[in-house]
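Colleague: Structure here, sequence nowhere to be found:
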């Protein structure tokens, strides 16, 4: 299947914004509390010093202060570009109103049972 949004591809300011839209359910609070430079530098520095250590996974304080950086690292490479799909409306439906077979909590809910962000 496809993940689609009503927002046009060119309305996103960056590739990161598309990634956040696709993978973050709490958009309003989805920023780095610390500076972007701090988050990027610390994640890279710790990874290089400790090999396989994942600062985003193993350091809760860092994860809490650098949410956006950690999402971008986790989802790197999953969003390369957006494409326009033109198809009859009967081929698509809104999962906030109608659930797919995989949506065990029903329409409008995430895989964890949380309400989806309006407009997604």
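Modeller: Ah, there it is. Just so we're clear, the structure is a prediction, and the values are computed from it rather than from any experiment.
Colleague: gap between stretch 34-45 and the chain center?
Modeller: Stretch 34-45 sits 19 Å away from the centroid of its parent chain (Cα atoms, centre = their mean, to the nearest Å).
Colleague: By average pLDDT, which secondary structure element in this structure comes out worst?
Modeller: The weakest-scoring helix or strand in the chain, judged by mean pLDDT, DSSP states H and E, is helix 36-50 (a mean of 68).
Colleague: most centrally placed residue in the chain?
Modeller: Nearest to the mean C-alpha position of the chain, by Cα atoms, centre = their mean, lies residue 23 at 2.0 Å.
Colleague: Would you enumerate the residues in contact with it?
Modeller: When contacts are counted by Cβ atoms under 8 Å, 6 or more residues apart in numbering, residue 23 is found next to 71, 75, 78. C-beta: built from backbone N, CA, C; applies to glycine.
Colleague: Apart from its chain neighbours, what residue comes closest to the last one?
Modeller: Spatially, and ignoring its direct neighbours in sequence, residue 78 is nearest to residue 19 (7.2 Å; Cβ to Cβ, 6 or more residues apart in numbering).
Colleague: Run a quick neighbour tally on that neighbour.
Modeller: Neighbour count of residue 19, defined by other Cβ atoms under 10 Å: 20.
Colleague: How much space separates it from residue 13?
Modeller: Using Cβ to Cβ, to the nearest Å, one obtains 12 Å as the distance from residue 19 to residue 13.
Colleague: now residue 20
Modeller: For residue 20, the distance to residue 13 equals 10 Å [Cβ to Cβ].
Colleague: Give me the more crowded residue out of those two.
Modeller: Taking other Cβ under 10 Å, residue 20 and residue 13 do not tie; residue 20 has more neighbours (20 against 8).
Colleague: Touching, the more buried one and residue 70? I think so.
Modeller: No: taking contacts as Cβ atoms under 8 Å, residue 20 lies outside contact range of residue 70: 11.8 Å.
Colleague: Now do the same contact list for the closest residue to residue 110 other than its chain neighbours.
Modeller: Leaving aside its sequence neighbours, residue 110 sits nearest to residue 25 (Cβ to Cβ, 6+ apart; 5.4 Å). Contact analysis of residue 25 by Cβ under 8 Å, 6+ apart lists 110, 114, 116, 117.
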